[in-house]
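# Whatever this is, show me its structure:
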Amino acid sequence: MSTLLLALAAGALVGVTLGALGGGGSILAVPALIYALGFTPVAATTASLVIVVLTSAAALPAHARDGHVRWRTGLLFAAAGAGPALLGGALAARLPPALLTGAFALVAGAAAVRMLRRRPAADDGAPVRPGRAAAAGAGIGAVTGVLGVGGGFLAVPALTGVLGLRMRVAVGTGLVVLTVNGLAALGLRAGTMDTLDWAVVGPFVAAAVLGAWDGKRLAARVSGDVLRRVFAVLLLAVAALMLIDAVV
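Presented below is the predicted three-dimensional model:
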């Protein structure tokens, strides 16, 4: 299969996952870029940030029109995470590739385990505690900057579990966080962006944006719990393979 077809297929998978689950697709982008498309870990995390920012920004208007974005909460999260994301982006370029891959695998595994656990329904009308929002936002920003991810698999659980937002509102609000944090992390990676293969990244992004619409339709037909469990099992397998690769 040609590189272009691989990029389109991987991008479509990422987009469908984002559309169906409200997040998690970006954590598949890094291993796809490394193992299927031949990117180095540093280049893959940078390319993943580009994919996260563009896909999130493209999806945000539709969620805002549906009233599923709490701008104040999202901007508070983003403000707290922008600095750590900026520092994380600078740190990533200085980390050994094996350490970056291993750290990514551990975060992916933890995210998969969290997704397999049932979470109680949340109330998006609950008041937001600025301190908790700032702490959670800073943590997500740091992970976004270092690993090039931090989509719904981190932001949505934080917005539901820590701040008590309903899932649909958390998904829409999380897109604000991802867009701002991703842009901040890319700020100190401008030098590495020149080395990206845009003939691969461009089609990847385009397929991800289009795939997100199919993911929304899939979510309307299949139980969210079933989708979440299938994705979590896939994520555990990816994390295990990446951890083995980092250690061996």
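
# so where does V107 fall, helix or strand?
helix 97-116 (DSSP states H and E).

# where in the chain is pLDDT low?
1, 21-26, 118-129, 149-153, 216, 219-220, 224 (pLDDT under 70).

# what about 50?
Within the chain, the segments meeting pLDDT under 50 span 121-122.

# Break down it into its helices, ranges please.
Here the chain has its helices, by DSSP state H, at 3-21, 26-31, 41-65, 71-92, 97-116, 130-147, 152-157, 167-187, 190-193, 198-221, 224-247.

# which one is L4 nearest to, not counting chain neighbours?
Leaving aside its chain neighbours, L4 sits nearest to P203 (6.0 Å; criterion: CB to CB, 6 or more residues apart in numbering). In short, each C-beta sits where N, CA and C put it, glycine included.

# tell me the contacts of that neighbour?
By CB atoms under 8 Å, 6 or more residues apart in numbering, P203 lies in contact with 4, 7-8, 11.

# please redo it, this time with the cut-off set to 10 Å
P203 makes contact with 3-11 under the criterion CB atoms under 10 Å, 6 or more residues apart in numbering.

# Same check on A36?
1, 3, 6-7, 9-10.

# Please repeat the previous calculation with a cut-off of 8 Å.
6, 10.

# any idea how far it is from L106?
Distance from A36 to L106, counting by CB to CB, to the nearest Å: 21 Å.

# for A47, same thing?
Distance of A47 to L106, given as CB to CB: 21 Å.

# For those two, work out which one has more neighbours and name it.
The neighbour comparison of A47 against L106 (other CB atoms under 10 Å) goes to A47, with 28 against 15.

# Do I have it right that the more buried one meets A32?
No - applying CB atoms under 8 Å as the test, A47 and A32 come out as separate, 10.0 Å apart.

# I figured A92 hits A142, correct?
No - between A92 and A142 there is no contact under CB under 8 Å: 10.6 Å.

# Which phi and psi values does H68 adopt?
With angles defined as degrees, to the nearest 10, H68 sits at phi -100, psi 20.

# What's the local residue count around it?
For H68, the count of nearby residues is 20 (other CB under 10 Å).

# gap between the two ends of stretch 160-172?
Length of stretch 160-172, first residue to last, CA to CA, to the nearest Å: 12 Å.

# start at 726 instead
Yes, from this point I'll number from 726; that puts the last item at stretch 885-897.

# Please identify the buried residues of it?
Residues of stretch 885-897 classed as buried: 885, 887-892, 894-897 (neighbour count, 16 or more other CB atoms under 10 Å).

# Could you do stretch 857-866 as well?
858, 861-866.

# which one of these is nearest T765?
Nearest to T765 among the buried residues of stretch 857-866 is G866, at 23.4 Å by CB to CB.
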